[in-house]
Every structure is written in structure tokens, then in C-alpha cells.
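In: Below is the sequence, then the predicted model.
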Amino acid sequence: MSTSGQDGDFWRGERDAIFRRETGEEWGAYLGLFHLGIPQDMAVGLRKRLSLKTFVETGTHIGTTSYWASRQFDHVITIEANQALYDRSQKKLAGAHNVELLFGSSPIVLRSFVAKLERPALFWLDAHWSGPGTAGQDYQCPVLEEIVVVDSGEHQHIIMIDDARLFMNPLPSLLRPEAWPTLPVIIDHLRQRFPDAYLMVHADVIVRVPAESRDALETLMHNSVTSPLARINTAVKQGARKVRDALK
Ligand SMILES: C[S@@+](CC[C@H](N)C(=O)[O-])C[C@H]1O[C@@H](n2cnc3c(N)ncnc32)[C@H](O)[C@@H]1O
């Protein structure tokens, strides 16, 4: 029996462990397969390069991303439609005084404040049904309505939409396909008001920036892929050298 499969598994395990240690993320994220949560380096990079102050999240869940964002942005607004998750997040975010936690369905709540935003903000659109104990079983994915509301104000906001794979592939059987838009329909919506906006899918996230911010986004993407890859390559090479030396 060939041992190549076992070797492959060994190296894959090593690579994954090193990658997780080096980056705090999963290797698959950098293959475009999945990403757990917001790509933090990209969000912070966009904040710095585009002088963003406000972070808006739809779908608070248990407040993980909004808590993180409270330490990165001046002002955070997050929206949750499930009462139990809202209550839980209220406790978690109690000490984060720059976070506004709002209750209700995202398109309706967004409509209550988008027109009042005084400058472009970063929108993290992540509200969708995520199984039992979360909101949205009857309205599983409000993202199209959210985009329309986000673009109804004065500014061209930065938009990041999580879980890009769900708009490009067959859905898990728990979800109703007719309730989820496809990627082309999302792109049409993202370009409806701003036809020259620049779009990218990176690490399972659809990102939209104004055309003039294309270079900034591409540089951030390049850095977020190449620096962890360079580190992991070095670490794997060092590991391989140690194994070779031990076998001599
Ligand atoms: C994938 S989770 C969000 C994870 C969170 N954004 C994070 O980064 O940690 C999706 C959340 O959206 C909520 N949700 C679903 N439909 C919603 C809606 N129409 N308005 C607001 N929240 C909604 C669910 O209850 C669930 O908590």
C-alpha cells in the first residue's frame, strides 16, 4: 500500500496547525473555500486607508464581531432579530460603550439610520438564518433588501457580504434555495446605484469598494494572502529540514 496518502495527511495536519498558529485563521480561508468570520486584516486595512469611522453589522449573533469591531472603529452599530441572541449580546457588549445594539429585522432597522450617516461606513452584511435558535427561518436571506437600503443614502459605503459560497454553490439541505439570491443577482444589486464600483470575492466574502479604492483593496488582498503564505512556507521548510536531519 502506498504511504503517500498518509504522508499527505501528515503534512496537511502540520500545515494547518502552523497556519492556525501563525494567523489565527484556517488554511481553507486562503483557498477561497471558507472563512470563519470577518477577514480582520482587510476590514482594518480598509478602515485605515479609507479613513472609515463607523462599522455596521447585520446579524449580531453572540456579539463576537461587534465586540472585535468596538476595539477597531470609533462607532459600531449591530442589528439582531432574535430576542435571545439580542439579550445575550447585550450582556456581552455592555462594556463596549461605542456599540449600538439594535433589535429588529435588518432592512427595517437599517432604514431607520442609513440616511443619517455623515460619511461612508463599512457594512458587514451577515444577517441570515443560521439554523435553530437564530432569526430568519421564514426570511432566510435579506441581503438584497439590505443592499438597496444601504445604497439609498447619500454615500457610497464599503460593503462586505459574508458566506459568498452560499450564493455560488448548492445550498445545505436545511436552507431553502429559492430564498437565497445567486451571486450574479447580488452583483447586479451592488452595481445598481454605483455601476463602476469595484467588486471582489475574497476568503468567502464579497467586497465592494468605490472604483477609486480599487488599488487599496487589491493591495490589502495581496498582503493578506502572501504574508501568511510566505510565513507558512518558511515554517514548513524548516519543519521538513528538521525531519530530514533527524532521519540522517
Ligand atoms: C451568521 S450569524 C451572524 C454572525 C455575526 N455577524 C458574526 O460575525 O459573529 C447570522 C445572524 O443573523 C441573524 N438574523 C437572521 N435574519 C436576520 C434579520 N432579518 N435581521 C437581523 N438579524 C438576522 C440570526 O439570528 C443570526 O444571529
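Out: That came through, no problem.
In: what about the helices in this protein?
Out: 4-23, 40-50, 64-70, 83-92, 106-111, 143-150, 183-192, 214-247 (DSSP state H).
In: now the fifth one: how far from the chain's centre is it?
Out: Going back to what we said before, that points to helix 106-111. Computed by CA atoms, centre = their mean, to the nearest Å, the chain-centroid distance of helix 106-111 equals 19 Å.
In: What average pLDDT does that helix get?
Out: When pLDDT is averaged along helix 106-111, the result is 98.
In: now swap in stretch 164-180 and tell me
Out: 91.
In: Give me the contacts around that stretch.
Out: 33-34, 128-129, 131, 139-141, 181-183, 186, 201, 204-206 (CB atoms under 8 Å, 6 or more residues apart in numbering). C-betas here are computed from N, CA, C, even on glycine.
In: Within reach of the ligand, which of these are there?
Out: Among these, proximity to the ligand is found for 128, 129, 139 (CB under 6 Å from any ligand atom).
In: what's the spacing between the last one and residue 245?
Out: I take that to be residue 139. 59 Å (CB to CB, to the nearest Å).
In: repeat for the second one
Out: When CB to CB is the yardstick, residue 129 and residue 245 sit 53 Å from each other.
In: Show me which of these two is the more surrounded one.
Out: Using other CB atoms under 10 Å as the criterion, residue 129 and residue 245 rank with residue 129 on top: 22 against 8.
In: show me what contacts the nearest residue to the more buried one once chain neighbours are set aside?
Out: Nearest non-adjacent residue to residue 129, counting by CB to CB, 6 or more residues apart in numbering: residue 136, 3.5 Å away. For residue 136, the contact set (CB under 8 Å, 6+ apart) comprises 81, 127, 128, 129, 130, 142.
In: count of neighbours near the last one?
Out: Using other CB under 10 Å as the criterion, residue 142 is surrounded by 24 other residues.
In: repeat for the one 4 residues further on
Out: Using other CB under 10 Å, the number of residues around residue 146 comes to 28.
In: What pLDDT is listed against it?
Out: So residue 146 comes in at 98 (pLDDT).
In: same deal with residue 246?
Out: 73.
In: Then residue 157?
Out: 98.
In: mind checking how far it is from residue 132?
Out: Counting by CB to CB, the gap from residue 157 to residue 132 is 32 Å.
In: That'll do, ta.
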